[in-house]
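J.: Need a 3D model of the sequence below.
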Amino acid sequence: MTTKSAQTHISKITLITMLLYTVLVGVAAGQSVYVGQAGAEGKVLRKYIESSELKKLADHPVDSIWIIDVRSEKAYLSGHIPTAKSFPAGTITSRLNEIPKDQYLIIYCNVGGLAKITSKNLKKAGYKRYINWGGISRWEWEKETLVPDK
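T.: Numbering: from 1, shown residues only. Okay, the predicted model is just below:
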């Protein structure tokens, strides 16, 4: 191997390594990229961004605050945050009549991206009281599971 081809080989390896590192850092950071993004009147919900505060809310629900799971129905049934209501992201715009605009909404999905898309759709529909809680992987406690109707 000539010196020039060895340098090219090392440069390619370095480039690939840097690219992989960048992707891995992005994936790790992606968990919290959208956490805390709120609607105009949703900033009051930021106190629930800490998972321990959301746990307190789940243990002692407040009528004016809904926890909304926008993952698939199957994912919801297999384990969700206690008291969370299931509104899969793909169906939420057709179910807006079920969600009062004066309700405070804490939205979560797997990592926060789907909750962000849902938040944008809610904003377009005139909702202002929402926050993206992020992903269910942040939930450190037991998840509630449901058996589907047969």
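J.: For the residue nearest to the spatial centre of the chain, what are phi and psi?
T.: Computing the C-alpha centroid of the chain and ranking residues by C-alpha atoms, centre = their mean puts residue 112 first, at 2.4 Å. Main-chain torsions, residue 112, degrees, to the nearest 10: phi 120, psi -20.
J.: does it really touch residue 135, like I thought?
T.: Yes - proximity of residue 112 to residue 135 meets the contact threshold set by C-beta atoms under 8 Å, at 5.3 Å. (Each C-beta comes from the backbone N, C-alpha and C, glycine too.)
J.: And the helices in the chain?
T.: Taking DSSP state H, the helices of the chain run over residues 3-30, 51-59, 73-78, 113-124.
J.: Packing partners of the last one?
T.: The criterion is 3 or more C-beta pairs under 8 Å, 6 or more residues apart in numbering; DSSP states H and E, and the helices and strands that helix 113-124 contacts are strand 104-109, strand 130-135.
J.: now the first one, how far from the centre of its chain.
T.: When C-alpha coordinates are averaged (C-alpha atoms, centre = their mean, to the nearest Å), strand 104-109 and its chain have centres 8 Å apart.
J.: Perfect, that will be all.
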